[in-house]
Every structure is written in structure tokens, then in C-alpha cells.
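Participant: Structural data only, the sequence is not supplied:
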DNA sequence: GACTGGCACTCACTAGTTGGGAGTGCCAGT
DNA sequence: ACTGGCACTCCCAACTAGTGAGTGCCAGTC
């Protein structure tokens, strides 16, 4: 059965009221607060249909209605208009991000900003290495048989690793190794470097084969294969708002899930370019997050995506507002990355 | 009034039972569980005295007794014997830390390990820059007017910053700058470098004064003065155990405090060499943490202290166990740092 | 056919009541 | 100095209405 205009309007009203008040909403209150031009009885009939269709439900007989996950989904897909940010919010974003001194700082500020604006838990993935390009490799001799490899990505991210060499090495040879490595790898996307790294060994002068082999092994292992992704988190205290009504009483599983970087990466790292993804309650694959919703989007300089960011909160959240905020922040950060 | 042997024994028993059961403990149960060789009535008299002295209290008339913060304090100072780690725990520590590939990884693993072993919130401060010594400075030309400065500390920590130069610079000049900087700064404790950095400008050849000035400004600003301290956190989910009985119902303030790095640094960063500090409830200066206790200690290679670590939990925590664990982990990590 | 007013019904929530029991303080006795 | 006994306190859990918001249904109206 198709839902006519008014039924959708009723659903929208229910979602909005419930999000605002956190209490099941009844037919009478609905008619009063939104100027639906019909009587409570009519609304009740509509509600019965909406419930039949699975968009709302009653916590118990003779209580008001509450949206189901499906209801939120419909609301997000069809009923919510994008809520443009206020001037104050835009200013807050700029002010917050403008003083960042380096990449770490940008990520840090971003995640706190998101948490503050949305009053939810915020998550920001550090610009992914595998999607970034190499700006420079630096080799720093620590001792005669030890070198520190420092990789600087185009996004500003820096990774370093110690390499033990098979034998002592001369300063000039280090310079040569540095030259070769940079010549071959700079400007490449990291995900595409493995074959190039292997080719490096061939490339090196015969005398430099052993140290180059040690180096390339480490490069492959740590910088390419084990592209360790990092995550920043803020606003967990926001979970404890709403006096435990959300999340059916226990924060435990949510907090646990939030500590698993792997889970967060799955949620916020898998973003398609320039689309905002909303996962509502049940739609989450992670068991422990079935009572939560997630708004995630990708970000990066220009149209490139180097990482994901977003917020996590109770299914009963302000979707239009949070979507708008997450998008806006992502765009700002993208611009910021494009500048540097 | 002096507390005789048995009264102290009673206090110890109360603390241990309360920590174990989370319920006020009565005289009868006490006599049964611990083999005090007296009757419940006698214990009641002792309890009355202990209450008078402020070491225990009754949640309400005709309930058992609960330790006060002062009671825990006395317990920690006088009554608790160090609880040696089990073989399994020692093995767990080793196994957990043995595979760490770099400093970040060490800190990461350590904080998770602590959270897991103590079942509390764990905090580890990254090895402090100001207390560390410089191993090497690297200058990486990004463009003709831009250099990236990379500082490698003895602890393995790496910091980097972009520097905009007043004018274009030649590769040879960069080499020269690098040489001078390293010559003067390597091996110094970072806290003592500011005068040396200023002297660098004098030191440089006249033609290199402008770029060196730009460099030293950044060095001072970011690497020395703004010695940004970092903190790793894990186990927040443990706060939600104990079903909200601890922390009088609201996790909110605790979670908020935990997000303030400044607060955590104050709590875990100010550690005297090789002493373990226990802060119990009221003793905390931070208002929001008056319902929590903290066990913190310093760590570092050998007898040096480069940072702090510890755990935070309800006042009702296993002090002897947590103290032992924190100490042991700190010692292991210290050894690890000494090796590298 | 769509909407409305009316009405009986359901059922969570609150407040008040009660009985039980764990625990206490006190006291007289050893 | 310690103990057994005893009256007392008072939290807690279970039960009992009473209340009211909200519903579903139905007959009536436009």
C-alpha cells in the first residue's frame, strides 16, 4: 500500500517530535504541535497504517508511537530536508580549524569540533596512507648498521621505522640509496608502490643490494602492506547524555566497540567518494551497535578521498542536522588539505 | 585514639570484602569470611570506633559499613601487602609487548594491556619530549622555499613541522644547516635547548642567517615551548561495568574529564621518579573525579622518567592488585625503551 | 469515501502500604 | 575485654489501588 502525502507528514512529525522530546508521541500532541489540519482520530488511523507498514511502533499498548529503524530510514531518505548550517556554526568551524599547525592537529581539532557541533561521538580517520601519494623519503643514519626511514605523504602524514642493515654502511651510500628511492617512489600512490619497491633492488648498484634489500623489506612490510590506519575519537561523554534511555541502558558494548579501531575503520573508513552514508540501528553489521546510528562521509583534497569521518549516536538523533554538519566539516577539512 | 591491631584488621577486612562484593559489609558476614577470632558483637564495637574516626560509614542506619576515602587511604598506606603478579600475568605482559614495532605501537599496546589486566581505564603518556634527548634532526626540502624539519628523540618519538623560508635556498645550504643544527643539538635534553637554538643563528654563516632564523623560530615554537604532550587511553568500557553503582550513577563527568588531555597530563604526567602515586576520591583536585581513584607511576629507560602511566577507576578498586600491575608494566616498558 | 466525535478499554506509572530481614546499638553477664 | 541477647531501625521488594495518556473502534457527518 502506498503511503499518501499526509501519512508521510505524520511520520515526519513523529520522528521530529520523538527526536526532540525523547518520549513516545501521541496523536493529540502531534496535531497540536504541528498544524496538521485534521483531527487526532484521523491521525490515529494514519498511525495504525504506519505501524502496519513497520515504520513506527508502540512501546506498549496505550503509549504513544516511536519510530522504528525503518521509520528513521524512510525519514532520512525521503522526508528530511537538508538543514543548512547557521552562520554561527560556519564561523565555529572556521575558527576551530584555522589555527591548526600540522596534520595531527587538524585531525585532532576536527574530531573535537564534530563532537561539539553534533553532540555525538565523533570519529575521524587519519588520511589514509594507501590512498595518498608519496612526497618524500628520508633516510637518517642512526648508527653504522641502523637507518631510520621517514616517509612523508602528500597529506602531511609522516611515518617512520627503524631498519637494521645486514652490515655497516657509508654515508655516501646512504645518500645514493635515498636518491634512488626518491627517484622511483615520489609522486606515486602508496597502494601502487609494491612492485616499484621490489624493482628497487634490481635498480641498486650491486654493492648496495644487501642494504637495499633490508630497506625494501621494511618498506613493504610496514609502509605498504601493514598500512596501519589511525583513528581519532572524541565526545564519548555525549553517550552518557540522554540518561541511559538511549542504548537500552548499557553503554558498555558501545564503548567497547568504540575502542576497537578495526570496527571504527570498517564503519568510517569505507566511504565512497563524496557520498554521505547513514547507517541506522539494525543496518549495522556490528552486533553491539544495533542501537546506534552512524553518519559517515569521506573527505580529502578536491574530489579525492583520503579518509572518512563522521558521528555515532543513538538512533534517535537529529539526522538532517548531523548530516549537514558532517558534510560541511568534511568539506572544510578537504579544502584545508588541498591548500597545504 | 590509636587503633589497635584488631581494629585495623577489621578495616582491612571491610575494604577487601567491599571491593569484592560491592555491597556494604556487616559484622556477621565479616566474622564468617575472615577468621577473626571474636564475635560479631566485638566487631561491631570496633566498627563503631572506626566510624567515629572517619574510616568507614553506613550508607543508612541498619546497613553494613562501607569504607570512606580516608579508609581506603589508610588501607593503601598501612594495611595492604603488595600482591605479586601471577606467572600468567607476567607472561601476558611479555607477550603483549614483545611484538611492538615502534614507539607508537609500544604505547598503544601498553595502554591496552593495562586496561585489560586491571579492568580499569588505562592511561599512558607518550614519552615526554621535554625530558628526552635529541637523537637527530633531519631537514627535508619540500620546495625551494619550504623545508620539513623532522626531530627524532632518543625514545624513538618523531616530531615534524613545516617551515616556510624567507627566500629560496640551495641544496648545499640545507646540508650545511642540517650539519650545524645536529652538531649543536644532538644529545641535548630538549628542555635545555632554547638557549642553544638561539645561539644557532649566530653560529650560521652570514648568508644562512635568514633561513636559520626562520628555522629556529619554528624549532622554539613547536618543538620546545609548545612541547605538546600526548596521551593514550583505553578501557573506558570498564567504567560501565559495576552497573552504575560506582560513580553515583553518571559516567558523564568522568568521560568528560578523560577527554581533556590537560587533565590527564596533570594526573599522570606529574610523577616523581620511581614512586607510585595513589589518589583516592576526594584527594583529586579535579571536581569531576572525586568519585574516582587513580594509580599512577612514572616510567622510562633505567632510572630516568620520560612519562607517566596508570589507571583510573572507582574508589572501590583493587588497590594492591592495580598498584602491582601498574608498577610491573611500567618496569617492562622502561626496559623496552632502554633496549632500543 | 474521508474525516470526526465519542466512548470503552488498556496499561504504564505513581503513591501508599505492608512484611521481612539484615544489621545495628546497647546492656547485662561472664 | 569480650559475648549473647534483644529491641530497634529502616531499606527493600511485593502488592495494591488510582490516575491518565493514549489507543481502537464505531457510528455519524460532510
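Facilitator: That came in fine, so what should we check first? From a predicted model like this one, the values you see are computed outputs, not experimental measurements.
Participant: any low-confidence regions in the stretch 1-150 of chain A?
Facilitator: A:1-3 (pLDDT under 70).
Participant: which parts of it sit against chain B?
Facilitator: Selection of the stretch 1-150 of chain A residues close to chain B by CB under 8 Å from any CB of the partner chain yields A:101-102, A:135-136, A:138, A:140, A:142, A:148, A:150. To be clear about C-beta, it is placed using only N, CA and C from the backbone, and glycine gets the same treatment.
Participant: Next, give me the two most distant ones among these.
Facilitator: For the residues of the stretch 1-150 of chain A next to chain B, with distances taken as CB to CB, the pair at the greatest spread is A:101 and A:142 (26.8 Å).
Participant: Mind putting the residues of the stretch 1-150 of chain A next to chain B into a markdown table with distance to DNA strand D?
Facilitator: As requested, the residues of the stretch 1-150 of chain A next to chain B are exported to a markdown table (distance: CB to the nearest atom of the strand, whole Å):
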| residue | distance to DNA strand D |
| --- | --- |
| A:101 | 52 |
| A:102 | 53 |
| A:135 | 60 |
| A:136 | 64 |
| A:138 | 64 |
| A:140 | 63 |
| A:142 | 62 |
| A:148 | 60 |
| A:150 | 60 |
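Participant: which of those residues count as buried?
Facilitator: Buried members of the residues of the stretch 1-150 of chain A next to chain B, scored by 16 or more other CB atoms under 10 Å in any protein chain shown, are A:102, A:135-136, A:138, A:140, A:148, A:150.
Participant: who are the neighbours in contact with residue A:322?
Facilitator: By CB atoms under 8 Å, 6 or more residues apart in numbering or on different chains, residue A:322 lies in contact with A:118, A:120, A:295, A:311, A:313.
Participant: Show the backbone phi and psi for the last one.
Facilitator: Residue A:313 adopts backbone torsions of phi -160, psi -170, taken as degrees, to the nearest 10.
Participant: just the third one next, same as before
Facilitator: Here is the backbone geometry of residue A:295 (degrees, to the nearest 10): phi -120, psi 120.
Participant: my guess is it meets residue A:311, correct?
Facilitator: Yes. Between residue A:295 and residue A:311 there is a contact under CB atoms under 8 Å: 5.4 Å.
Participant: what touches both of those two?
Facilitator: By CB under 8 Å, 6+ apart, residue A:295 and residue A:311 have these common neighbours: A:322, A:326.
Participant: any idea how far residue A:282 lies from residue A:238?
Facilitator: The spacing between residue A:282 and residue A:238, counted by CB to CB, to the nearest Å, is 22 Å.
Participant: Of all the residues in the longest helix seen in chain A, which ones are buried?
Facilitator: When chain A is scanned for its longest helix (criterion: DSSP state H), the result is helix A:319-339. Residues A:319-330, A:332-334, A:336-337 are the ones in helix A:319-339 that count as buried (16+ other CB under 10 Å).
Participant: Same question for stretch A:73-82.
Facilitator: Those would be A:73-76, A:79-80, for stretch A:73-82 by 16+ other CB under 10 Å.
Participant: Need those in TSV (columns: secondary structure and distance to DNA strand D).
Facilitator: Putting these into TSV (DSSP: H, G, I helix; E, B strand; the rest coil; distance: CB to the nearest atom of the strand, whole Å) gives the following:
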residue	secondary structure	distance to DNA strand D
A:73	helix	21
A:74	helix	18
A:75	helix	18
A:76	helix	22
A:79	helix	19
A:80	coil	22
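Participant: and of those residues, the nearest to DNA strand C?
Facilitator: residue A:79 (18.6 Å; CB to the nearest atom of the strand).
Participant: wait, doesn't that closest one sit right on residue A:10?
Facilitator: No. Residue A:79 is beyond contact range of residue A:10, at 10.4 Å (criterion: CB under 8 Å).
Participant: Which residues does the lengthiest strand in chain A contact?
Facilitator: For chain A, the strand with the greatest residue count under DSSP state E is strand A:134-143. With contact meaning CB under 8 Å, 6+ apart, strand A:134-143 is reached by A:147-154, A:162, A:169, A:171, A:174, A:177-178, A:181-182, A:185-188, A:190, A:193, A:215, B:135-136, B:138, B:140, B:142, B:148, B:150, B:152.
Participant: how close does whichever residue of chain A sits closest to DNA strand D sit to residue A:5?
Facilitator: Of the residues in chain A, the one nearest DNA strand D is residue A:26, at a distance of 2.8 Å by CB to the nearest atom of the strand. Using CB to CB, residue A:26 is found at 22 Å from residue A:5.
Participant: Show me which of these two is the more surrounded one.
Facilitator: Between residue A:26 and residue A:5, residue A:26 has the larger neighbour count (other CB atoms under 10 Å in any protein chain shown), namely 18 against 7.
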